[in-house]
Structure formats: structure tokens, C-alpha cells
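Colleague: got a sequence here, can you build the structure:
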Amino acid sequence: MEFTPRQLEIIEAAGKILTTSGVSGLTIKNLAKEMQFSESAIYRHFESKEEIIIALLNYLADEIDIRLSKINHSLNAEEKFKVLFKEQFDFFKANPHFVVAVFSDGLMEESQVINESLLKLMNVMMKHLMPLIMEGQQKGIFTNALTTEELIHIIMGTFKLQMFKWRIANFEFDIKRKGDNMVHSILALIKK
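Modeller: Residues are numbered from 1 along each chain as shown. The predicted model follows:
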């Protein structure tokens, strides 16, 4: 998806409001105030709050897809696994407002279209994780005691829990260090 520089500014500001005030605080009025715009200036770029949230989630999905597509394919499955999550933790450390967007209280209750955008986001992560886990299983690096899908649920659930803990801790701990520990723990569980 292509966004104008102004739309990206609005998405960024929306993420900051989500960080401080949650979904209920993200209003066009608050967004205009944050950006020192008129409300009509926001409406020239987005029709609604829902459209801004969807744009934010789609931008995040595209950003993740681009970054994870650049992982060196000559690495073995374990190395790719480490790089994939390092990329994620580095990105979210630099952009915590995206964590808030994904884990905002009430976001899933906002609309079905937002839920579809959240599902797209999960599918992007699965798109990169699935072949990596399958390769590791086929090459005897990862266990075959569980299906690929079961391993992905465990991995993604652990990642989501780690990000949720970081968010509710108000980003106080070092997510890169905790993330690295998480990756090593998962590998200890899934490696043959």
C-alpha cells in the first residue's frame, strides 16, 4: 500500500495517541490537536478513525513483509529464525506505538474491517514463519513431534505474550534482551 508523507505523519501521530490514550482517546479531534492541524485537514487524508487504524495496521503489515523478505535465504532455519525475531524486536523497540496499535484495549471490538486488518498482520508473520519452520523440520533441525501449525501457534503465542508484557510494563524493560531470551527458549523447546 502506498501512503503519502502526510498520511504517514497521521499514522505516526495516531500511534502515539494510542500509546498514551488507547482507542477511546484516538479521535479526529485529538489527532488534529496532536498534529496542530484542523480536523478538516485530517479528513482530507482519511475519511474516519477506522480508516486511520486500518491504514496503520496495513502499513505495519507491509513494513514487516518487506523487512522479513530481506532475510538471507542462505542461512539455515535456526539462523533465519533468530534473524526474523531480531528484526521484529528491533523494529518494535524503535516503534513501540505499533505494539500499542496491535494490543490496544478494545481495538478488536471496533469493527470487522479492523479485525480483518489484524488477521492480515498475523498472516504476514505466518507467511514468513511457516516455510522456515517446515524447512527446519524437513532438515531435522526442529522437532517433528508437533505439526508445523502447532509449532507456529506456540511460537506466535509466545511472541504475542512477550510483546503484551512489554506493553503493559509501559515499555520499561529491554525488549531486545528479553526477546533474545525468548528466542533461545523457543529454540530449546523446538530443536531436535
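Colleague: from now on I want contacts and neighbour counts done on CA atoms only, so please keep to that.
Modeller: Fine.
Colleague: low-confidence stretches in the chain?
Modeller: Scanning the chain for pLDDT under 70 picks out 1, 103-110.
Colleague: this structure: helices as residue ranges?
Modeller: For the chain, the helices defined by DSSP state H occupy 5-25, 28-35, 39-43, 49-69, 77-94, 96-103, 107-110, 112-138, 148-168, 175-190.
Colleague: report how many residues lie close to residue 142.
Modeller: Using other Cα atoms under 10 Å as the criterion, residue 142 is surrounded by 24 other residues.
Colleague: which residues does the nearest residue in space to it that is not next to it in sequence contact?
Modeller: Taking Cα to Cα, 6 or more residues apart in numbering as the measure, residue 142 lies nearest to residue 191, with 4.2 Å between them; neighbours along the chain are not counted. Residues touching residue 191, when contacts are defined by Cα atoms under 8 Å, 6 or more residues apart in numbering, comprise 141, 142, 143.
Colleague: before we move on, the earlier item: mind putting the helices of the chain into CSV with mean neighbour count?
Modeller: Conversion of those to CSV gives the following (neighbours: other Cα atoms under 10 Å):
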stretch, mean neighbour count
helix 5-25, 18
helix 28-35, 17
helix 39-43, 15
helix 49-69, 18
helix 77-94, 17
helix 96-103, 22
helix 107-110, 14
helix 112-138, 17
helix 148-168, 16
helix 175-190, 16
